[in-house]
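In: sharing a model that was predicted from the sequence below.
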Amino acid sequence: MSIRLYVSRDAGAVSVGADEVALALEQAAAKRGIAVEIVRTGSRGLYWLEPLVEVATPQGRIAFGPVTETDVPALFTALADNTPHLLRLGATDEIPWLKRQTRLTFARCGVIDPRSLDDYHAHGGYRGLERALSLGSDAILDEVTASGLRGRGGAGFPTGIKWKTVAQARADRKFIVCNADEGDSGTFADRMIMEGDPFLVIEGMTIAGLTVGATKGYIYIRSEYPHAVEAMNAAIMAARRGGYLGANIGGSKRAFDLEVRVGAGAYVCGEETSLLESLEGRRGIVRAKPPLPAHHGLFGKPTVINNVLSFAAIPFILAEGAKAYADFGMGRSRGTMPIQLAGNIRYGGLFETAFGVTLGELVDDIGGGTFTGRPVRAVQVGGPLGAYFPRALFDTPFDYEAFAARDGLIGHGGIVVFDDSVDMRRQARFAMEFCAIESCGKCTPCRIGSTRGVETIEKIIKGERVSENLALVEDLCNTMKFGSLCALGGFTPYPVLSALKHFREDFAPVPTTLQAAE
Amino acid sequence: MTAVFDWDETRGAEIIAEHAGQEGATLVILHALQEAFGHVPQAAIPMVAKAFNLSRAEVHGVFTFYHDFRHKPAGRHVLKLCRAEACQAAGGDALAARAEARLGVSLGNTTADDRVTLEPIYCLGLCATAPSAMLDGRLIGRLDQKRLDALIAEAQR
């Protein structure tokens, strides 16, 4: 008898003991003389259940979690003998949190062995590329445009238009660049997909290369993600060996190859022009636009630069057709969004669903509120540059335009939950401080404004001339919003102003003159 | 714990030559130098400049722009605590204060005995298992006082 087990090798799972659990499972099996095969997958994204252990049965996979090293001996007996166990969650696919998702991009994540090209193939991988090879550039562009896919990095620019611009540009060389500098706190979808289904990113980038006529691509991954770097490098090697990168991709006459480049701890390099500078080996200083990267990008050549999730959405669109993707969503936000529930949240993780779900559903219903058990007071949506929303705005649907209409942004889809112990003055101060630390320094509103912002909010915290300083912060935010060159300085006002607007009570003047009443 | 070797010009030149053919590979080389020597030795800057036909000021500018690159080796162990919003929401502020108090240094500094460098990091992407930390490249999620104390004890050994 041989047992096949699945334990995640995702950084999030490893951070809470998945490696130790996998080792303990091996030892428990050896002790009983049972042969086991432990497949190290990506994560299913149900992080409160990590480390999750799954066992293959004729009826599908059965899940157990969260498993600790000390649980393993008893757990192994339960799964080997198919007897009850407290941590048994039943069939993985039937776990409600997973079942109610619409996993188009993350369909394979947590299921397959991310190091195995065969496993990727066996689960429908490279069907998108095969169709792309048969379609030709114009037809691919039509599909991508018709899918309604918008840039998943945060800006939401239509991917089809971006690709078309590069396809039409004339140059001796063109490039595909994948922005994997996922620096927003509360986001981890890029990391998960690179670790859990790296061939998907490669396939998406390869299709982009075919479409626009580029033969070289770079994946710029932040240095804080060593596991993702390792996973992507391993997948690139495997794809080359399998004939999916190199001179004749997928047996065609088309060439495409990829190289991973690692960032060096600069948040601003998530901004596309700063990223291009960094890739060229320079300081990550933002470039003025125009010219757009589509015309004048990496090394001055026409460049498609997209977020990891944008590339990762492409294979489904090509394999299943634009309509299958565009049928999901609302308004101008088509398809699905991998939403990340994070911070002080009971059921945190990756929840991929069609646009249109409300913030309240995500936080209260799906996320289960806070893990501290205290009331949810504020949620920051879209990373350090996203607005803080109060409960009063929980009816906002997850949609680019709906969030913009309420002075917020969905960004890269991260939601960070705070309970009622949060001090919004400190969060507003941190937003300015983070901008000051990470500003590239090119434009004055961002470089100086953020530092002045920290100082002024500190005065408010100390109770110095509060109403005047509040007016000053608002004025400063206005200058940063309209005067900054990129989203770092331009969007830092979102968390600051939303904190001021929706949580004004935290900024009320401190009564300093109790004695004066005497 | 990261091995640190004294500056060796021949080895440095080898590292630079290894990557000099890659387009725009300044960061690649700085990373490789730091991995070999635990920091980016000053003496390497003009060598990198020469390899890419850049000025020393340009390479120095690149080196100083990025938070990752060190001008001197870190302590024997590097403990990074995530200080970004998701970890703040999950109690990261108190843990950072505790780490500073126990180690007797503020974030961004190395203990006097050179054993531990305590650093802030802005997001490890472990936001659903927050708060998080990294000790010498090993990831730790769901950090609490007990786990933090154990990490500090391990780093101080």
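Out: It's in. Numbers count the residues shown, from 1 in each chain, chains lettered A, B, ... in the order given.
In: wait, does stretch A:276-287 contact chain B?
Out: Yes - counting by C-beta under 8 Å from any C-beta of the partner chain, contacts between stretch A:276-287 and chain B involve A:278-285. C-beta coordinates here come from the backbone N, C-alpha and C atoms, glycine included.
In: turn these into a markdown table, columns for secondary structure.
Out: Shown next, in a markdown table, are the residues of stretch A:276-287 next to chain B (DSSP: H, G, I helix; E, B strand; the rest coil):
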| residue | secondary structure |
| --- | --- |
| A:278 | helix |
| A:279 | helix |
| A:280 | coil |
| A:281 | coil |
| A:282 | coil |
| A:283 | coil |
| A:284 | coil |
| A:285 | coil |
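In: excluding its backbone neighbours, what's nearest the residue most central in space within chain A?
Out: Taking C-alpha atoms, centre = their mean as the criterion, residue A:189 is the residue nearest the geometric centre of chain A, at 3.2 Å. Distances taken as C-beta to C-beta, 6 or more residues apart in numbering or on different chains put residue A:338 closest to residue A:189, at 4.3 Å, once the chain neighbours are dropped.
In: try residue B:126
Out: residue B:132 (4.0 Å).
In: for the residue nearest to the centre of chain A, list the residues it contacts.
Out: Applying C-beta atoms under 8 Å, 6 or more residues apart in numbering or on different chains to residue A:189 gives the contacts A:106, A:182, A:308-309, A:338, A:340, A:350, A:412-413.
In: just those: which are in helices?
Out: Among the contacts of residue A:189, the subset assigned to helices under DSSP state H consists of A:308-309.
In: strands of the stretch 201-350 of chain A, start to end?
Out: Ranges of strands within the stretch 201-350 of chain A are A:216-221, A:257-262, A:303-307, A:329-330, A:333-334, A:336-343, A:349-354, based on DSSP state E, counting those that start in this stretch.
In: low-confidence ranges in chain A?
Out: A:1, A:509-518 (pLDDT under 70).
In: looking at the residues of stretch A:276-287 next to chain B, spot the one nearest residue A:203.
Out: Minimum distance to residue A:203 across the residues of stretch A:276-287 next to chain B is 21.5 Å, recorded for residue A:279 (C-beta to C-beta).
In: count the residues that sit near that closest one.
Out: Residue A:279: 26 surrounding residues under other C-beta atoms under 10 Å in any protein chain shown.
In: measure the nearest residue to residue B:73 once chain neighbours are set aside to chain A for me?
Out: Closest residue to residue B:73 apart from its sequence neighbours, by C-beta to C-beta, 6+ apart: residue B:38 at 3.7 Å. As judged by C-beta to the nearest C-beta, to the nearest Å, residue B:38 and chain A stand 15 Å apart.
In: surely residue B:38 and residue B:76 touch.
Out: No - if you go by C-beta atoms under 8 Å, residue B:38 and residue B:76 don't touch, sitting 10.1 Å apart.
In: tell me the pLDDT at the residue at minimal distance from the centre of chain B?
Out: When C-alpha atoms, centre = their mean is applied to chain B, the residue found nearest the centroid is residue B:68 (5.2 Å). Listed pLDDT for residue B:68 reads 96.
In: tell me which parts of the stretch 251-400 of chain A are close to chain B?
Out: A:259, A:261-267, A:278-285, A:299, A:340-345, A:348-350, A:371, A:380, A:384.
In: just the buried members of the residues you listed?
Out: Among these, those buried by neighbour count (16 or more other C-beta atoms under 10 Å in any protein chain shown) are A:259, A:261-267, A:278-279, A:281-285, A:340-345, A:348-350, A:371, A:380, A:384.
In: show me the chain divided up by domain.
Out: Picking chain A for this. The record assigns chain A these domain ranges, following automatic domain parsing: A:2-99, A:117-326, A:329-419, A:424-507.
In: nope, chain B please
Out: Per automatic domain parsing, the domain ranges recorded for chain B read B:9-65, B:77-156.
In: roughly how far is the last one from the heart of the chain?
Out: So that's domain B:77-156. 13 Å (C-alpha atoms, centre = their mean, to the nearest Å).
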